[in-house]
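Asker: okay, sequence plus prediction incoming.
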Amino acid sequence: MGLRSRQRRLAGITQEASLESFDQQVASTLEEHLAHSQNEVAAFNLLWKGFLGKLGYALLGFEILSLWLAVSTIGVGALAWVTMIKLLSCASIVCTKSYVTTGSFDGPALALSALHAILYGATSLGDVAPTTLRNTLPLSTVYYTGTALSVAFMGSNTKAEVARAAQLAKLDKLARSQ
């Protein structure tokens with residue numbers, strides 16, 4: 001017998017008891033590690049969704065800028081068509097941004113993106129609008145597709161995350177007031 005075994009026996013600690021405490025320590029360490037990993041994943045998801053929301057603002061600015069440029073280069077006849085498509089694209093981007101950041105407006109975002117894609121296809125196939133519009137991408141549809149795939153991959157728990165963040169902010173405010 002080694003020195004440690006004798007010390008354990010003299011202290012009244014059996015080998016089985018030390019193994020049980022080691023197993024409990026490993027289990028608690030694994031639970032802490034799992035909780036830490038879940039917190040990291042949730043933080044990354046919120047960060048990524050925030051980035052997608054900011055990308056929506058950038059695309060909205062681009063659509064408004066392209067409408068402003070199109071107004072100065074096209075005739076009056078095509079101006080109504082271009083304005084309608086650009087406004088539809090802006091509405092789709094705003095709904096998609098709301099969908100990815102707050103979890104609401106999924107149905108309207110899908111409907112507006114699909115309608116924009118259909119109108120873009122009709123514009124590209126027909127000779128309805130000027131080449132400046134035909135040569136652009138349907139950004140709102142691409143944005144919706146990308147964000148919908150991201151949300152589906154990460155899990156659509158945005159409403160729960162937003163509610164949890166609001167609850168934590170409320171608790172923090174309550175703790176500061178006391």
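Answerer: Perfect, I can see it now.

Asker: past the helix or strand containing residue 69, which element shows up next along the chain?
Answerer: Element membership of residue 69 [criterion: DSSP states H and E] is helix 15-73. Beyond helix 15-73 on the C-terminal side, the first helix or strand identified by DSSP H and E is helix 76-102.

Asker: about what we covered before: for the helix holding residue 69, what is the average pLDDT?
Answerer: For helix 15-73, mean pLDDT is 70.

Asker: same question for stretch 139-152.
Answerer: Stretch 139-152 comes out at a mean pLDDT of 76.

Asker: got the buried residues for it?
Answerer: Buried positions in stretch 139-152, judged by neighbour count with 16 or more other C-beta atoms under 10 Å: 139, 140, 141, 143, 144, 147, 148, 151. In short, each C-beta sits where N, CA and C put it, glycine included.

Asker: among the residues you listed, which ones are in helices?
Answerer: 139, 140, 141, 143, 144, 147, 148, 151 (DSSP state H).

Asker: so the third one makes contact with residue 117?
Answerer: Yes. With contacts defined as C-beta atoms under 8 Å, residue 141 counts as touching residue 117 at a distance of 4.3 Å.

Asker: what is in contact with those two at once?
Answerer: Here residue 141 and residue 117 share no contacting residue, scored by C-beta atoms under 8 Å, 6 or more residues apart in numbering.

Asker: what about residue 154, how many neighbours?
Answerer: 17 (other C-beta atoms under 10 Å).

Asker: quick one: contacts for it?
Answerer: 45, 48, 49.

Asker: repeat that for 7 Å
Answerer: By C-beta atoms under 7 Å, 6 or more residues apart in numbering, the residues touching residue 154 are residue 45.

Asker: give me the element residue 124 is part of.
Answerer: helix 106-125.

Asker: before we move on, the earlier item: tell me the two of the ones in helices among the buried residues of stretch 139-152 that are most distant?
Answerer: Spatial extent of those (C-beta to C-beta) is set by the pair 139 and 151 at 18.0 Å.

Asker: what's the angle from the helix holding residue 124 to helix 76-102?
Answerer: Interaxial angle of helix 106-125 relative to helix 76-102 (axes from the mean of the first three to the mean of the last three C-alpha atoms, to 10 degrees): 150 degrees.

Asker: buried set for helix 106-125?
Answerer: Buried residues in helix 106-125 (16+ other C-beta under 10 Å): 106, 108, 109, 110, 112, 113, 115, 116, 117, 119, 120, 123.

Asker: TSV for these, including distance to residue 176 and pLDDT?
Answerer: Supplementary listing: the buried residues of helix 106-125 in TSV, determined by distance: C-beta to C-beta, whole Å; pLDDT from 0 to 100:
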residue	distance to residue 176	pLDDT
106	35	75
108	38	84
109	37	81
110	41	82
112	41	82
113	42	82
115	47	84
116	45	80
117	48	80
119	51	79
120	50	77
123	55	73
